[in-house]
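Engineer: when you get a sec, could you give me coordinates for this:
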Amino acid sequence: MKNRTVSEGMLFFSMTLEFLETYLLGQLGRSPETVKSHRDSLTVFRRYLLEKRKISIGRFHFHDCTARLIQDFIIYLKESGNKPGTCNQRLSTIKTYLWFAADRDITLQSVSLLISRIPQCRVPRQEKAILSEAALAHILQQPKNTKTGMRDQVMMILLYDSAIRLNELLSLTIQDLVLERNDPYIRINGKGNKERIVAITTKTSQHLIQYLKIFHPKLNRNNFVFFTKLKGKSEKMSESNVERFINQYAEQARKSCPDIPQKVYPHMFRRTRATNLYQHGVELALISRVLGHSSIETTKIYATPSMEMLRKAIESVETPDQQNEKPLWKNCSEEEMARLCGLR
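Structural biologist: Prediction:
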C-alpha cells in the first residue's frame with residue numbers, strides 16, 4: 001500500500017469556510033469576535049498571496065505553504081507597520097487552521113508540523129499608559145450639556161466604573177441593567193460567550209437612570225442601551241464612533257491637563273480602573289472576576305504598583321547597620337578569606 005502524500009490538487013483555502021463557521025463557531029463555540037479575528041487573518045494572508053505573490057485563491061495549494069513563504073509573509077507584515085503582537089496573531093491563525101486541516105486529512109500533517117515550528121515574533125514588554133486621576137476628571141468634564149454630550153459622558157463613566165470592554169459596553173441591552181437597588185450591577189456577555197455580573201457604584205447607576213429617561217422613555221428591554229439612528233431605526237453603535245469621540249475629548253482636555261497621554265482609547269479606561277483597584281488593595285483574584293479573565297495570569301499585566309506602594313515597600317525593609325557588622329573572616333588566613341569569597 002502506498003504512503004499517502006499531500007494531494008497536489010488540494011487547495012489551501014478549500015476548508016476555511018468549514019474551519020470558521022462549523023468548527024470554530026459551531027463545534028468549539030468560539031465567540032463571533034474570535035471567529036472574525038481568524039477570518040481577518042486568513043483574509044490578510046490571501047490578499048498577500050494575490051497582491052505580492054500574484055497567486056490566486058484557485059492556484060494556491062497546501063503543498064505551496066512552505067516555511068519560507070510564511071516567514072516572508074511575517075516579514076511583509078512587519079514592513080507594513082504591523083506590531084509583533086499582530087504578526088503573532090496572523091501566524092497563530094494559520095497554524096490553527098493547518099492543524100484543523102490535518103485532522104480532516106492526515107496527508108496534511110507534514111505541512112502543519114513544518115509551519116508549527118516557526119517561532120513567534122518577540123513582543124517587547126512595555127508598560128501600558130493609564131489615566132491619572134486628574135486626566136480622567138478633565139476628560140469626563142469635556143462633553144457639552146447636550147443630549148449627545150450626556151450620552152458620551154455616561155458611556156465613559158460606565159467604561160471606567162465597570163472596567164468592561166468596549167464591545168461589551170455596546171452590546172448591553174436594557175434588560176442587562178439592574179439599577180433600582182442598593183447594590184446595582186450589570187450583566188455582561190463577554191469573550192467566549194462567558195456571562196458575568198459586574199457591580200457598579202450608586203452614582204454611576206444614577207447617571208444611567210437619568211440617561212434611560214431621556215434616551216429610552218418606553219424602556220424596551222431588548223433595545224441596546226447605547227445606539228445610533230440609521231434611517232430612523234436604532235442600531236448598535238460602532239466601536240469607531242466611541243473611539244472617535246473619546247479621542248476628541250482627550251484632545252480638548254489636554255489643553256488644560258498636559259498629563260493626558262497622546263493617544264487615549266476606550267480600553268485605557270478599563271486598564272486604568274483595574275490598576276486603580278489593585279493599587280487600592282483589591283485582590284487580583286477579585287479583579288480577575290471583574291474583568292472577566294479566565295486566568296489570573298492575564299490580570300497580572302494590570303498589577304502595576306503605585307509610587308506610594310513602592311515607597312512603602314522600600315521603607316519596610318530595614319537598612320543593616322554597617323558600623324556594627326561583624327567580619328565573617330576574623331583571624332582567617334589569606335587562603336581562607338579567598339575561599340570564602342569563592343576564589344582560589
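
Engineer: average pLDDT for the helix or strand containing Val154?
Structural biologist: Assessed by DSSP states H and E, Val154 sits inside helix 147-162. The pLDDT scores in helix 147-162 average 94.

Engineer: which positions in it come out as buried?
Structural biologist: Residues of helix 147-162 classed as buried: 150-162 (neighbour count, 16 or more other C-beta atoms under 10 Å). Every residue, glycine included, has its C-beta placed from N, CA and C.

Engineer: try stretch 32-44
Structural biologist: So, applying 16+ other C-beta under 10 Å, buried residues of stretch 32-44: 34-35, 37-39, 41-42, 44.

Engineer: how does this structure divide into domains?
Structural biologist: When the chain is parsed with automatic domain parsing, its domains come out as 12-116, 133-308.

Engineer: including distance to Arg339, could those go into TSV?
Structural biologist: Formatted as TSV, the domains of the chain follow (distance: least, C-beta to C-beta, whole Å):
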stretch	distance to Arg339
domain 12-116	48
domain 133-308	41
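
Engineer: rank these by pLDDT, which is bottom?
Structural biologist: Among those, domain 133-308 scores lowest, at a mean of 88.

Engineer: quick check, pLDDT for Gln323.
Structural biologist: Reported pLDDT for Gln323: 56.

Engineer: find the helix or strand that the residue sitting nearest the centre point of the chain is a member of.
Structural biologist: Centroid check for the chain by C-alpha atoms, centre = their mean gives His267 as the closest residue, at 7.9 Å. Secondary structure from DSSP H and E places His267 in helix 266-279.

Engineer: quick one: residues in contact with the helix or strand that comes right after that helix.
Structural biologist: The helix or strand immediately downstream of helix 266-279 is helix 284-291, counting by DSSP H and E. Contact with helix 284-291 is made by 162-163, 196, 198-199, 270, 274, 277-278, 295-296, 298-300, 302-303, as judged by C-beta atoms under 8 Å, 6 or more residues apart in numbering.

Engineer: can I get the buried part of those as one ChimeraX selection?
Structural biologist: Those of the contacts of helix 284-291 that count as buried under 16+ other C-beta under 10 Å are selected in ChimeraX with:
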select :162,163,196,198,270,274,277,278,299,302
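
Engineer: now do the helices in the stretch 101-250 of the chain.
Structural biologist: Here the stretch 101-250 of the chain has its helices, by DSSP state H, counting those that start in this stretch, at 109-116, 133-140, 147-162, 166-170, 202-215, 239-253.

Engineer: how about a markdown table for those, with distance to Ser92 added?
Structural biologist: As requested, the helices of the stretch 101-250 of the chain are exported to a markdown table (distance: least, C-beta to C-beta, whole Å):
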| stretch | distance to Ser92 |
| --- | --- |
| helix 109-116 | 10 |
| helix 133-140 | 34 |
| helix 147-162 | 28 |
| helix 166-170 | 20 |
| helix 202-215 | 37 |
| helix 239-253 | 22 |
